[in-house]
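Colleague: Take this sequence and fold it.
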Amino acid sequence: MTQEIREIPIKDLVLWTENPRDPINPNASDQDIVDRAIFDSESKWDLKRLAKEMGGYFDYSELPTVVFHGVKPVVYDGNRRIVLGKIKHNFVTVSNFDVELPAFPRLIPCNVCSERIALQNVFRKHADTGSWLPLERDIFVHNHMKKRKSAFLLIEESTGLISANKHLNKRFVRDEIFREDNLQRLGLSFDGERLLSKHSISETRAILDDLSQKIKEKVISTRKNRGKVIEVLDPAHQRLVDEHMSNEPQPVNLRPTLTPPATPEPTPRTPRRRSRRSKPKNAVLFGGPLYLRIGPVSDLYRDVVDLYDFYLERDTGLSGRFPSLIRMALRLLWETAAEDCRQRQDQYIEQRFQEAKTRLNQDQKTTLSTQNVTKKSIVQLLHIGAHNYTASANVEQTLALSLILGGVLTISHGKGEES
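Modeller: Just a heads-up that it's a prediction; the model follows:
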């Protein structure tokens, strides 16, 4: 097959889980992808602007690119437009998406082609136009174009530094700073895909953190100190790099964990690392104990509290992803309570949101505000708990969600409350 135009019902079109814009679990459904696109915490989808740009109708001169996986027509290019079309025709469920949508045909003319051609088309249209960030581009090039991993991608996989610091996900940083020659000047190299360093783990981390900060503060940029990756470092780190140049490089693992090593290696010449943030003293799940009627909701509530207590007691030995389990548990508790009330999940929590909020004190209301937990966002935020998203490991936001969920549970299942 080369390429052919074929009309496909918009209902049958399958959204691409490996979309470089925002990849998701391969087993995710269209609804999962739409939930993520609506929440869009990092403005990767920008559906409202797209709807406005499209005007009043679907433009037939911009056809989606589709590849058949068996009998499933998967959309490789044009996913954002198809999301809007599925919303328009109620093939997916969204709440609080107050946008005037263009007219969409139910039969969409599509450019149906082989996967090889589709990937080439996607790469040509997006790789160097600015619609993808550099890290997304490099992941696509490796995963789909079968090219060697760039130093930029290897640094991310070895340290998590780029995804944790958005100011590093820039073309200038990829092309001029995290190049192999500049990394070697810092005492870093790769053995295959393993990161090697002439410094200790804590020293390597300190040097990279220092460089990241200098990029953030624009001490080094396309206009200032261009190419001077060592010269911009703090003097103590410049001395480390110089003194360790004759060292034999050793493998280092800098993937982020929930806590730093219990016993940092002594490095007199390295500036002291700041302590991690302590948990707030009043960081109590649900804002305090709930007194619920006996039943499955109460049982599950007690299990979630036990899970959180386990996390507080053992967090130094747990991975940075463990808080995702608590977020998932909150979502399960929400689903169970809604089912017990014989209501849709969104209806169950939105109907009681405002009353639950009025029961909170001012500090708790401020917590909701700082974590963007509102009546409009609550459903999407809870849905995130079903997926392995980075945001689902955000403990502070999980605690904020538990405050409002605790109030809602008290209203629907509290002793002496709703029957």
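
Colleague: drop to CA atoms for contacts and neighbour counts, all remaining ones
Modeller: Will do.

Colleague: Any buried residues in whichever strand or helix holds L208, and which?
Modeller: Element membership for L208, per DSSP states H and E: helix 201-216. Neighbour counts over helix 201-216 (16 or more other CA atoms under 10 Å) mark 201-208, 210-215 as buried.

Colleague: May I see the domains of the protein written out as residue ranges?
Modeller: Domain assignment for the chain, taken from automatic domain parsing, gives 3-115, 135-251, 285-413.

Colleague: least reliable of these going by mean pLDDT?
Modeller: Mean pLDDT per stretch puts domain 285-413 lowest among the domains of the chain, at a mean of 85.

Colleague: now the end-to-end length of it.
Modeller: 17 Å (CA to CA, to the nearest Å).

Colleague: The chain should start at 44 in everything you say after this.
Modeller: Sure thing, new numbering starts at 44, so read that last one as domain 328-456.

Colleague: of all the buried residues of helix 244-259, which comes closest to V340?
Modeller: Using CA to CA, R248 comes nearest to V340 of the buried residues of helix 244-259, at 44.7 Å.

Colleague: tell me the contacts of the closest one?
Modeller: Shown in contact with R248 (CA atoms under 8 Å, 6 or more residues apart in numbering): L297.

Colleague: tally of neighbours for G450?
Modeller: Neighbourhood size, G450 [other CA atoms under 10 Å]: 25.

Colleague: Is it in contact with T401, as I believe?
Modeller: No - applying CA atoms under 8 Å, one finds G450 not in contact with T401, separated by 9.1 Å.

Colleague: now the helices for the stretch 194-343 of the chain?
Modeller: 194-202, 204-207, 214-219, 223-228, 244-259, 278-286, 339-357 (DSSP state H, counting those that start in this stretch).

Colleague: What angle do helix 244-259 and the first one make with each other?
Modeller: Read that as helix 194-202. Helix 194-202 runs at 130 degrees relative to helix 244-259, counting by axes from the mean of the first three to the mean of the last three CA atoms, to 10 degrees.

Colleague: what's the answer for the longest one, then?
Modeller: Counting by the same axes, to 10 degrees, helix 339-357 points 110 degrees away from the direction of helix 244-259.

Colleague: ok, then the element right after helix 339-357?
Modeller: Downstream of helix 339-357, the first helix or strand assigned by DSSP H and E is helix 365-383.

Colleague: Pull the distance from that following helix to the chain's centre.
Modeller: Offset of helix 365-383 from its chain centre (CA atoms, centre = their mean, to the nearest Å): 19 Å.

Colleague: May I see the buried residues of whichever helix or strand comes after that helix?
Modeller: Using DSSP H and E, the helix or strand that follows helix 365-383 in sequence is helix 388-401. The neighbour-count check on helix 388-401 (16+ other CA under 10 Å) flags Q388, D389, Y391, I392, E393, R395, F396, A399, K400 as buried.

Colleague: got it, and stretch 214-227?
Modeller: Buried residues in stretch 214-227, counted by 16+ other CA under 10 Å: V216, R217, E219, I220, F221, E223, N225, L226, Q227.

Colleague: which residues does the first one contact?
Modeller: Contacts for V216 (CA under 8 Å, 6+ apart) come out as none.

Colleague: Distance check, D253 against D285.
Modeller: D253 is 16 Å from D285, by CA to CA.

Colleague: do L373 as well
Modeller: From L373 over to D285 the distance is 50 Å, taken as CA to CA.

Colleague: Of the two, which one has the most company?
Modeller: Set L373 next to D285 and count neighbours by other CA under 10 Å: L373 wins out with 26 against 13.

Colleague: Do I have it right that the more buried one meets A443?
Modeller: No - in this structure, L373 is not within contact of A443 by CA under 8 Å, at 11.3 Å.

Colleague: which residues do those two both contact?
Modeller: Here L373 and A443 have no joint contacts, going by CA under 8 Å, 6+ apart.

Colleague: ok, now which ones touch L444?
Modeller: L411, V416, I421, L425.

Colleague: give me phi/psi at it?
Modeller: The phi/psi pair for L444 (degrees, to the nearest 10) reads phi -60, psi -40.

Colleague: try the one 10 residues further on
Modeller: Main-chain dihedrals, I454, degrees, to the nearest 10: phi -70, psi -40.

Colleague: Next, find the distance separating it from F329.
Modeller: Counting by CA to CA, the gap from I454 to F329 is 13 Å.

Colleague: And for G128?
Modeller: G128 sits 38 Å away from F329, going by CA to CA.

Colleague: Can you show me the strands along the stretch 44-193 of the chain?
Modeller: For the stretch 44-193 of the chain, strands defined by DSSP state E, counting those that start in this stretch occupy the ranges 46-52, 57-58, 108-112, 115-120, 150-156.

Colleague: Can you give the contact residues for the last one?
Modeller: Counting by CA under 8 Å, 6+ apart, strand 150-156 makes contact with 44-53, 103, 106-111, all of which sit outside it.

Colleague: filter those to the buried ones?
Modeller: Listed as buried from these are I51, I53, L106, P107, T108, V109, V110; burial here means 16+ other CA under 10 Å.

Colleague: Tell me how far E199 lies from D181.
Modeller: E199 is 11 Å from D181, by CA to CA.

Colleague: Which one's more surrounded, the two?
Modeller: D181 (24 against 18).

Colleague: shouldn't that one be in contact with K190?
Modeller: No - D181 is not in contact with K190 according to CA under 8 Å; the separation is 9.0 Å.

Colleague: out of G128 and F329, which sits in the busier spot?
Modeller: Neighbours were counted for G128 and for F329 using other CA under 10 Å; G128 has more, 23 against 20.

Colleague: Could you give the number of residues near R402?
Modeller: Counted with other CA under 10 Å, R402 comes out at 14.

Colleague: Wait, it touches G450, no?
Modeller: Yes - with contact defined as CA under 8 Å, R402 counts as touching G450 (7.1 Å).

Colleague: count of residues packed around A372?
Modeller: For A372, the tally of surrounding residues (other CA under 10 Å) stands at 22.

Colleague: how close does it get to I125?
Modeller: Applying CA to CA to A372 and I125 gives a distance of 31 Å.

Colleague: swap in H242?
Modeller: Taken as CA to CA, the span from H242 to I125 is 50 Å.

Colleague: Please say which of the two ends up with more neighbours.
Modeller: A side-by-side neighbour count of H242 and I125, using other CA under 10 Å, places H242 first with 24 against 21.

Colleague: correct me, but the more buried one touches E286?
Modeller: No - counting by CA under 8 Å, H242 stays clear of E286, with 9.8 Å between them.

Colleague: Please point out which parts of stretch 276-296 sit buried.
Modeller: Buried residues in stretch 276-296, defined by neighbour count with 16+ other CA under 10 Å: L276, H280, Q281, L283, V284, H287, M288, P292, Q293, P294, V295.
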